[in-house]
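Visitor: Provided below are the primary sequence and the corresponding predicted coordinates.
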Amino acid sequence: EPEVTQTPSHQVTQMGQEVILRCVPISNHLYFYWYRQILGQKVEFLVSFYNNEISEKSEIFDDQFSVERPDGSNFTLKIRSTKLEDSAMYFCASSEHRSSAHYGYTFGSGTRLTVV
Amino acid sequence: GEDVEQSLFLSVREGDSSVINCTYTDSSSTYLYWYKQEPGAGLQLLTYIFSNMDMKQDQRLTVLLNKKDKHLSLRIADTQTGDSAIYFCALVFSGGYNKLIFGAGTRLAVHP
């Protein structure tokens, strides 16, 4: 079964450092998403991406965040200057269609980011 | 605004049925999903229901949708210890590019 792959599974970084979280979506999917889950809290939408541009972003997705599809397979989330409150599990997801009812959104297993 | 609410914790005895409830605010939701998250793992799509359906059954899982009350439930029959996880209700709200909005998740604990 096709998977969304995220690397690394766990990243520890110092406050103020830049981090790049990487995702390989399912190959025929066209829509890409980043979500995050602060420990014990809701899974929150960050950003959606289609046709090489951001489709929608949440209030959380401020100027410190950026996304990129640098090649045909990777989808990255960059946090320029990490803060303690950026510590969370970050999930990448992809979907074939805007509203993929049969498959929902396929999520990766997440990257746990710890900012110290 | 867009909001999805769930109770946070449910404890059941092995073999009993579990019912996890979810309420939402946007009546125009087209697709409603249940995701499962096991400890340390990602989000696994468990099942989904179209908004024009009242019920969907999939083996031990039954999803009930009451659009009038904006209430969604997931029933797990014959609950097993392997069902212990966090269950998230998620909706695709109308407008924009149909992003998923999640509830806070219900932690299901199954005890012998």
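Guide: Received the coordinates, thanks.
Visitor: near chain A, which residues of chain B?
Guide: By the rule C-beta under 8 Å from any C-beta of the partner chain, the part of chain B lying against chain A is B:30-31, B:33, B:35, B:41-45, B:48, B:50, B:88, B:90, B:92, B:96-105. All C-beta atoms are positioned from the backbone trio N, CA, C, and that covers glycine.
Visitor: Out of those, name the ones that lie in helices.
Guide: With DSSP state H as the criterion, helices contain none of these.
Visitor: CA atoms only: put stretch A:16-26 into PDB for me.
Guide: Provided in PDB are the C-alpha atoms of stretch A:16-26 (Å, rounded to 0.1, in the frame of the first residue of the first chain):
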ATOM      1  CA  GLY A  16      16.700  29.900  17.100                       C
ATOM      2  CA  GLN A  17      18.000  27.300  14.700                       C
ATOM      3  CA  GLU A  18      16.400  26.500  11.400                       C
ATOM      4  CA  VAL A  19      14.900  23.100  10.700                       C
ATOM      5  CA  ILE A  20      13.700  21.400   7.600                       C
ATOM      6  CA  LEU A  21      11.200  18.600   7.900                       C
ATOM      7  CA  ARG A  22      11.000  16.300   4.900                       C
ATOM      8  CA  CYS A  23       8.200  14.400   3.400                       C
ATOM      9  CA  VAL A  24       7.800  12.200   0.300                       C
ATOM     10  CA  PRO A  25       4.100  12.200  -0.600                       C
ATOM     11  CA  ILE A  26       2.400   9.400  -2.600                       C
END
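Visitor: Could you please name the strands the helix or strand of chain B with the lowest mean pLDDT pairs with and the direction of each pair?
Guide: Least confident helix or strand of chain B, by mean pLDDT, DSSP states H and E, is strand B:100-102 with a mean of 86. Within its sheet, strand B:100-102 is paired with strand B:85-92 (antiparallel), according to DSSP bridges.
Visitor: Any chance you could list what contacts the partner strand?
Guide: Contacts to strand B:85-92, defined as C-beta atoms under 8 Å, 6 or more residues apart in numbering or on different chains, come from residues A:43, A:99, A:104, B:2, B:4, B:6, B:20, B:22, B:24, B:26, B:29-39, B:43, B:46, B:72, B:74, B:98-103, B:105-108.
Visitor: cool, stretch A:82-91 as well?
Guide: A:6, A:13-19, A:21, A:34-39, A:43, A:46, A:64, A:77, A:79, A:107-108, A:110-116, B:42-43.
Visitor: For the buried ones among those residues, write the corresponding PyMOL selection.
Guide: With 16 or more other C-beta atoms under 10 Å in any protein chain shown as the criterion, this PyMOL line picks the buried residues out of the contacts of stretch A:82-91:
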select buried, (chain A and resi 6+13+19+21+34+35+36+37+43+46+77+79+107+108+110+111+112+113+115) or (chain B and resi 42+43)
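Visitor: Pull the contacting residues for residue 108.
Guide: In the absence of a named chain, chain A is used. Taking C-beta under 8 Å, 6+ apart, one finds A:3, A:4, A:5, A:6, A:23, A:91, A:92, A:93, B:42 in contact with residue A:108.
Visitor: You answered for a different chain; I wanted chain B.
Guide: So residue B:108 contacts B:10, B:11, B:12, B:18, B:20, B:76, B:79, B:83, B:84, B:85, B:86, B:87 (C-beta under 8 Å, 6+ apart).
Visitor: Output the residues you listed in CSV, with pLDDT and secondary structure appended to each entry.
Guide: Converted to CSV, these look like this (pLDDT from 0 to 100; DSSP: H, G, I helix; E, B strand; the rest coil):
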residue, pLDDT, secondary structure
B:10, 97, strand
B:11, 97, strand
B:12, 97, strand
B:18, 97, strand
B:20, 98, strand
B:76, 97, strand
B:79, 98, coil
B:83, 96, helix
B:84, 96, coil
B:85, 96, strand
B:86, 94, strand
B:87, 97, strand
